[in-house]
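>>> mind folding the following:
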Amino acid sequence: MKFTFRPLAVLASLGITAGLLSLAAPTATAATPVSMPRAAATDSFYSYTGSTPLSSFAPGAILKTRTITYHAVGIPLPLTAVQLLYRSTDLNGNPSANVTSVIKPPLLNTGKGKGKAISYQSAYDSLNPADSPSRSIAGDVSLGGLIASGETAVITPSLLQGYTVIVPDTEGPDAVFAAGPAYGTYTLDSARAALKSASTGLKSTTKIAMLGYSGGAIATGWAAQLAPSYAPDINKNLVGAAEGGLLVAPAHNLKYVSGSLVWAGVAPMAIIGVARAMNLDFTPYLSSYGQQVFAKLKYASISNALAQYPGLTWEKMAKPEYSNPNRIQIFVDAVNKVNRGQAASPTIPMFIAQGSNGVLEGTAGFGVGDGVMIAGDVRTLARQFCADGTTVQYDQYSLLSHFTGAVPWYLKALSWIDQRFAGTSAPNNCGSIAPGNSLAPEQVAP
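So this is what the prediction gives:
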């Protein structure tokens, strides 16, 4: 059976998920110990209980393996997924056990994707481990997990072309939403595990492309930037990375979405996620209302935040003396740690796309964006990559928002990835990318 790529058909399937793809903004919250929600604690596959210390394993080492039927919204589909529990590294450099799902193409010996893999980073955007893609693929159903189920439409065209698709739980076992560097290590170690497993059909030499939009771009971008230093063994297998709807400097996004009717509620989600990853305590800086918001969103998915906190600002959540978050040292430390402008540039070709429809133009002095992501930040990051020798194709969608920008990015990303696997020279428009905003580290305010 031969699969023919039909952009209109892909566009129709993408419509199922375009409204689900999203992301957030910045950093900080309560340092109470993270307790696993009951729904996420019932599957023993997710826990490493071996006698050998986890730290004794190399990153990417396989701890457990199981083969399951792929599910979407709890419905089994005629696809096989190999799930791997593997050793990785959290944001603080400590060993962590995480899960990835390797989905086998239905036609293993045909198509242009034969013997190649795409690492697809989901935009599941949740503070609840129960919403991770691996749990949805295993048959669990949750409100936040509907995003990963919906993304079945996004990965299907690649599977039908013969590509093996790797879907890591990019937020790790504790759902550290928006903690970018952790997304990167979890993604890279997922690839390591997938190539080592005898059950996936992949080899140590298998070529991999990375793909992700919005929350998936956090993982894709950080993985591309960290690969040369953290996983040079995987970096040599990477043919390129396509990312759209980028979170670059979260401190900027906190101000950009402040007061938004749609996106304001995602800011505290991201604050909670990064604080959880870094084990930070922001409770002393929150007003009573802020503490209520943080408690309500502690295990929320983006479905619980979008358009549900219209007009919310940091000032409403903070004590008056901390209305400027830069007066909080740990806030400054946190946002600088997750600022992509402070990380090294990738050594692989990049396709980067960003919406810029003028929503909130001029807000906080950052210029236009797509409603949640800031185009000027993305342009500066792309130009920084270019200056360091990275081959970059940058597209800006002047009339599109964060949701609608996913569609043209995705259609072009599939073709761009096919070309990278085919060995053609990657397009480069570095010379035409307009200047953007400063990505300099935040400073503590007096």
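>>> residues touching the residue most central in space within the chain, list them.
Nearest to the geometric centre of the chain sits G216, at 2.9 Å (Cα atoms, centre = their mean). Contact analysis of G216 by Cβ atoms under 8 Å, 6 or more residues apart in numbering lists 21, 120-123, 170, 243. Quick note: C-beta positions are derived from backbone N, CA and C, even for glycine.
>>> ok, and the most crowded of those residues?
For those, the largest neighbour count, defined by other Cβ atoms under 10 Å, is 34 neighbours, found at T170.
>>> residue contacts, that one?
By Cβ under 8 Å, 6+ apart, the neighbours of T170 are 121-122, 183, 186-187, 215-216, 218-219.
>>> check which helix or strand covers the residue nearest to it when sequence neighbours are not counted.
Distance criterion Cβ to Cβ, 6 or more residues apart in numbering; nearest residue to T170, sequence neighbours excluded, is A219 at 3.9 Å. In this structure, A219 sits in helix 215-230 according to DSSP states H and E.
>>> quick one: mean pLDDT over that helix.
Mean pLDDT, computed over helix 215-230, is 98.
>>> in that helix, what counts as buried?
Of all the residues in helix 215-230, those buried under the rule 16 or more other Cβ atoms under 10 Å are 215-228, 230.
>>> just these now: which is nearest G355?
In terms of Cβ to Cβ, no member of the buried residues of helix 215-230 lies closer to G355 than A217, at 12.0 Å.
>>> need the contact list for the closest one.
A217 touches 23, 121, 243-247, counting by Cβ under 8 Å, 6+ apart.
>>> repeat that for 6 Å
Contact analysis of A217 by Cβ atoms under 6 Å, 6 or more residues apart in numbering lists 243-246.
>>> among the residues you listed, who's most crowded?
Result: G245 is most packed of the contacts of A217 (other Cβ under 10 Å), 33 neighbours.
>>> how much space between the closest residue to that residue other than its chain neighbours and I147?
In space, and not counting its chain neighbours, G245 is closest to S214: 4.2 Å by Cβ to Cβ, 6+ apart. According to Cβ to Cβ, to the nearest Å, S214 and I147 sit 10 Å apart.
>>> now T67
Distance from T67 to I147, by Cβ to Cβ: 24 Å.
>>> cool, V141 as well?
For V141, the distance to I147 - Cβ to Cβ - is 12 Å.
>>> out of the contacts of G216, flag the one nearest to P408.
Of all the contacts of G216, L21 has the smallest distance to P408: 12.9 Å, by Cβ to Cβ.
>>> now do the same end-to-end measure for stretch 229-244.
23 Å (Cα to Cα, to the nearest Å).
>>> report the buried residues of that stretch.
For stretch 229-244, by 16+ other Cβ under 10 Å, it's 230-231, 234-235, 237-244.
>>> do stretch 87-100 as well
Here stretch 87-100 shows 87-91, 95-100 as buried, counting by 16+ other Cβ under 10 Å.
>>> average pLDDT across that stretch?
The model assigns stretch 87-100 a mean pLDDT of 98.
>>> that one: end-to-end distance?
By Cα to Cα, the extent of stretch 87-100 from end to end equals 11 Å.
>>> can you list contacts of that stretch?
Against stretch 87-100 from outside (Cβ under 6 Å, 6+ apart): 48, 54-55, 57, 59, 61, 84-85, 134, 168-169, 172-173, 179, 181-182, 185-186, 189-190, 277.
>>> at 7 Å what do you get?
Contacts to stretch 87-100, defined as Cβ atoms under 7 Å, 6 or more residues apart in numbering, come from residues 46, 48, 54-55, 57-61, 63, 83-86, 134, 166-169, 172-173, 176, 179, 181-182, 185-186, 189-190, 193-194, 277-278.
>>> list the contacts of the nearest residue to the residue nearest to the centre of the chain once chain neighbours are set aside.
Excluding the flanking residues, the one nearest G216 by Cβ to Cβ, 6+ apart is Q121, at 3.8 Å. Going by Cβ under 7 Å, 6+ apart, Q121 touches 168, 170, 187, 210-212, 216, 219-220.
>>> look up how far Y410 lies from Q121.
Q121 sits 13 Å away from Y410, taking Cβ to Cβ as the criterion.
>>> next: L306.
L306 is 20 Å from Y410, where distance means Cβ to Cβ.
>>> Y120 should be in a strand, yeah?
Yes. Looking at Y120 with DSSP: H, G, I helix; E, B strand; the rest coil, it is inside a strand.
>>> wait, is G273 part of a helix?
Yes. The assignment for G273 is a helix, going by three-state DSSP.
>>> what's the neighbour count on it?
So G273, with other Cβ under 10 Å, has 28 neighbours.
>>> test my guess that it contacts G180.
No. G273 sits out of contact with G180 when judged by Cβ atoms under 7 Å, with a separation of 10.0 Å.
>>> for stretch 137-150, what is the distance to the chain centroid?
16 Å (Cα atoms, centre = their mean, to the nearest Å).
>>> and stretch 358-377, by the same measure?
Worked out by Cα atoms, centre = their mean, stretch 358-377 lies 20 Å from the chain centre.
>>> could you check that stretch and say which residues are buried?
358-360, 363, 366-377.
>>> just the CA atoms of stretch 352-372, as CSV, please.
Coordinates of each C-alpha in stretch 352-372 appear next as CSV, following Å, rounded to 0.1, in the frame of the first residue of the first chain:
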residue,chain,number,x,y,z
ILE,A,352,11.2,28.1,13.0
ALA,A,353,7.8,29.7,12.6
GLN,A,354,6.0,32.2,14.6
GLY,A,355,2.6,33.9,14.4
SER,A,356,2.5,37.7,14.7
ASN,A,357,-1.1,39.0,14.2
GLY,A,358,-0.7,42.1,16.2
VAL,A,359,-2.6,40.9,19.3
LEU,A,360,-1.6,43.0,22.3
GLU,A,361,0.7,45.0,20.0
GLY,A,362,3.0,47.1,22.1
THR,A,363,2.1,45.4,25.4
ALA,A,364,4.9,45.8,27.9
GLY,A,365,7.1,47.1,25.1
PHE,A,366,7.7,43.7,23.4
GLY,A,367,5.8,44.4,20.1
VAL,A,368,3.6,42.0,18.3
GLY,A,369,3.0,38.3,19.0
ASP,A,370,0.5,35.6,18.5
GLY,A,371,-1.4,36.3,21.7
VAL,A,372,1.0,34.4,24.0
